[in-house]
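Chemist: Make a model of this:
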Amino acid sequence: MPKNTAKADIDLSLCIINHRTPGLLARCLRSIAVSEAAGALEVLVVNNTGDNADEIAEMVHRFPSGLFIQNRQPLGFAANQNQMLRRARGRYWMPLNSDAEVTPGALSELIHFMDTHPDCALAGPRLVYPDGRLQPSMRNFPSALTHFLEASGLWRVAPRSEKIGRHYALLSPHKRVQAVDWLTGACLIVRPVAAERVGLYDEVNFPGMYGEDLEWCWRMRQAGWRIYLDPAAVIIHDESASPLDERTVRMFEGFYTFCRLHYSRRQCRAIRAATIAALAPRLLTTPARTHRQLYLRLMQLPIDGGSPL
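Modeler: Numbers count the residues shown, from 1 in each chain. Okay, the predicted model is just below:
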């Protein structure tokens, strides 16, 4: 990738994809405009379809440093973010979902955090739902145990605690600064030099959505960088409006793609076996036909591959 051409007067480049969500995008951009950010901001928006192009371009150009990109054809999350990141000029970059809202002071806090943590390649805020409930964003790299806990739903009945959260990040209360394996990608702040060293999102192996944030964090961690949660910054995330069942399948496919790329065949098979073991009781006990169909789809997903070691 080309060397970052950061401008000294731009502290943060916010990169947002619009995919037929002009209302959510408008709300997101309004929250940025009143965010009380201490530094200068650059706002980049990709319009992934031909819908509402003039309206969205007008929203973006209200920002002094606003860049609007109109796609000729729809692209996946990684490809869309990469085309913005290659144009970004800020000291830091921020891939941000259009269904997110920035709370006052959050951007300044994240910029300050990166300034004071030079070992950090990537950090994320404390994500909350619109009603204020925590939206867990910290994750461990996939293993047979984590997939069993998440596919079975058992993690939901375990208590959140600092002690448990040190070992299983999903159950952390997300109340303290914490180094973590990876963060979900609704809002991330990225150090450009780290991205230059490991490369941008993998748009070849992740042509759709889900898994690309996990894989990017993996490469950064492998290169010796650290990833942190900064809970002093809060972002409201009104999660995807797409059907939950379909989103779950896409998430599993993304995780399995990551495993094929970076894990051994033995690890891949163990993860798939753990997933099947977790879902089988749910398949047998649920009275809902749609749930049974979902569990069958997830149990049939292939994970063949991985290195032979």
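
Chemist: got the contact list for the residue lying closest to A223 once chain neighbours are set aside?
Modeler: Nearest residue to A223 in three dimensions, chain neighbours excluded: V198, at 5.1 Å (CB to CB, 6 or more residues apart in numbering). Glycine gets a C-beta too; all of them are placed from N, C-alpha and C. V198 sits next to A121, W216, R219, M220, Q222, A223, W225 when contact means CB atoms under 8 Å, 6 or more residues apart in numbering.

Chemist: quick one: secondary structure of A38?
Modeler: coil (DSSP: H, G, I helix; E, B strand; the rest coil).

Chemist: how far away is it from A106?
Modeler: Separation of A38 from A106 (CB to CB, to the nearest Å): 11 Å.

Chemist: The two: which is more packed in?
Modeler: Higher neighbour count among A38 and A106: A106, with 24 against 13, using other CB atoms under 10 Å.

Chemist: ok, that one to M84 distance?
Modeler: A106 is 20 Å from M84, where distance means CB to CB.

Chemist: Would you quantify the distance from the residue nearest to A223 to S65?
Modeler: Noted for V198: a distance of 26 Å to S65, by CB to CB.

Chemist: do Q293 as well
Modeler: Q293 is 47 Å from S65, where distance means CB to CB.

Chemist: now W218
Modeler: Applying CB to CB, the value for W218 to S65 is 32 Å.

Chemist: Looking at these two, which is more packed in?
Modeler: Between W218 and S65, W218 has the larger neighbour count (other CB under 10 Å), namely 20 against 16.

Chemist: Within the helices and strands, which one has the more buried one?
Modeler: helix 212-222 (DSSP states H and E).

Chemist: Do a quick rundown of the helices in the stretch 51-200 of the chain.
Modeler: With DSSP state H, counting those that start in this stretch as the criterion, the stretch 51-200 of the chain has helices at 53-60, 77-85, 106-116, 144-152, 162-165, 192-198.

Chemist: ok now the second one, how far from the chain's centre?
Modeler: Put plainly, it is helix 77-85. Taking CA atoms, centre = their mean, to the nearest Å, one finds helix 77-85 lying 13 Å from the centre of the chain it belongs to.

Chemist: contacts for it?
Modeler: Contacts of helix 77-85 (CB under 8 Å, 6+ apart): 13, 15, 17, 44, 46, 48, 67, 69, 71, 75, 93, 95, 185, 190, 195, 200-203, 206-210, 212.

Chemist: Show me how to select, in PyMOL, the buried members of the residues you listed.
Modeler: Here is the PyMOL command that selects the buried residues among these (16 or more other CB atoms under 10 Å):
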select buried, resi 13+15+17+44+46+48+67+69+71+75+93+95+185+190+195+200+201+202+203+206+209+210+212
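
Chemist: now, which of the contacts of helix 77-85 lie within strands?
Modeler: S13, C15, I17, L44, V46, L67, I69, W93, P95, V190 (DSSP state E).

Chemist: mind putting those residues in a markdown table, distance to R282 and pLDDT included?
Modeler: Shown next, in a markdown table, are the ones in strands among the contacts of helix 77-85 (distance: CB to CB, whole Å; pLDDT from 0 to 100):
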| residue | distance to R282 | pLDDT |
| --- | --- | --- |
| S13 | 43 | 98 |
| C15 | 37 | 98 |
| I17 | 33 | 97 |
| L44 | 42 | 98 |
| V46 | 38 | 98 |
| L67 | 46 | 97 |
| I69 | 42 | 98 |
| W93 | 39 | 98 |
| P95 | 33 | 98 |
| V190 | 37 | 98 |
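
Chemist: Please produce a markdown table containing those residues, extended by distance to K175.
Modeler: Shown next, in a markdown table, are these (distance: CB to CB, whole Å):
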| residue | distance to K175 |
| --- | --- |
| S13 | 29 |
| C15 | 28 |
| I17 | 30 |
| L44 | 32 |
| V46 | 34 |
| L67 | 36 |
| I69 | 37 |
| W93 | 26 |
| P95 | 24 |
| V190 | 23 |
